[in-house]
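[1] here is my input, please return the structure:
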Amino acid sequence: MFGMRILPAVIVMCITASSIGCHRNEVHSPIPSGSQPFDQRFLVWMVNHHNDDDRMVNPCATNLTIRQELREFCKTADQQHRERVERMKTWLKEWYGQNFPGTDNLPLWLGGLKDGQFEREFLKQYVHQHADAINPIKECSVKAAHPELRELCQRIAPAQQQQAVQLRRWRCEWFEECE
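    Predicted coordinates for the structure are as follows:
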């Protein structure tokens with residue numbers, strides 16, 4: 001009888017722990033190697049990366065309990081991601097005849113947080129998310145065969161670094177978590 005009362009609590013704790021563990025330390029892999037052209041591999045990687053970003057940015061852009069400047073940052077990032085993803089999916093189709101499969105748009109675990117708790121976790125996670133993309137975007141700036149893609153990466157790289165600096169600044173100012 002004791003085991004039957006404890007079992008639901010244990011299940012909830014395991015699900016919660018696995019969810020937090022999977023998302024808090026999520027690390028993106030580099031652009032995969034393979035026989036496909038670099039541009040194709042990068043586009044697929046970048047669409048997936050933006051999809052992961054959007055799973056954090058979308059709840060941020062609509063969260064009315066957080067600071068206005070962070071919400072505005074997220075709204076801008078969300079719009080930029082949507083435009084880039086559509087452009088990249090179009091290039092995949094035009095250049096390689098590849099349709100990009102549907103993606104999982106469920107928000108990550110932090111979507112349920114509010115106020116400062118959301119802000120703190122968002123800044124912590126999104127700084128790491130940005131850092132994961134800096135080197136692949138720099139690589140694309142040099143290696144991309146299509147001038148349109150190379151130009152896009154050259155425009156994204158400095159903006160990505162500026163955004164990371166801003167996010168770190170907010171994290172330091174708001175939560176005294178300075179790196």
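
[2] hmm, residue 144 and residue 42 touching each other?
    Yes. Contact criterion Cβ atoms under 8 Å: residue 42 and residue 144 qualify, at 6.8 Å. (Glycine included, C-beta is placed from N, CA and C.)

[3] neighbour-wise, which of these two wins?
    Applying other Cβ atoms under 10 Å to residue 42 and residue 144 shows that residue 42 carries more neighbours, namely 24 against 20.

[4] residue nearest the centroid of the chain?
    Centroid-nearest residue in the chain, with Cα atoms, centre = their mean: residue 53, separated by 2.1 Å.

[5] state the distance from that one to residue 33.
    23 Å (Cβ to Cβ, to the nearest Å).

[6] hey, where'd the helices end up in this structure?
    2-24, 38-61, 68-96, 115-143, 147-175 (DSSP state H).

[7] mind listing what's buried in the third one?
    Of the residues in helix 68-96, those scored as buried under the neighbour-count criterion (16 or more other Cβ atoms under 10 Å) are 70-71, 73-74, 77-78, 80-81, 85, 88-89, 91-92, 95.

[8] can you give me the angle it makes with helix 38-61?
    Relative orientation of helix 68-96 and helix 38-61, computed by axes from the mean of the first three to the mean of the last three Cα atoms, to 10 degrees: 150 degrees.

[9] who does helix 68-96 touch, helix- and strand-wise?
    Under the contact definition 3 or more Cβ pairs under 8 Å, 6 or more residues apart in numbering; DSSP states H and E, helix 68-96 sits against helix 38-61, helix 115-143, helix 147-175.

[10] which strands and helices sit next to the first one?
    With contacts defined as 3+ Cβ pairs under 8 Å, 6+ apart, the secondary structure elements packing on helix 38-61 are helix 68-96, helix 115-143, helix 147-175.

[11] worst mean pLDDT among these?
    The stretch with the lowest mean pLDDT among those is helix 115-143, at a mean of 91.

[12] relative to the whole chain's centre, how far out is it?
    7 Å (Cα atoms, centre = their mean, to the nearest Å).

[13] give the other helices and strands that that helix contacts.
    Using 3+ Cβ pairs under 8 Å, 6+ apart: helix 115-143 touches helix 38-61, helix 68-96, helix 147-175.

[14] kind regards, and thank you for your time.
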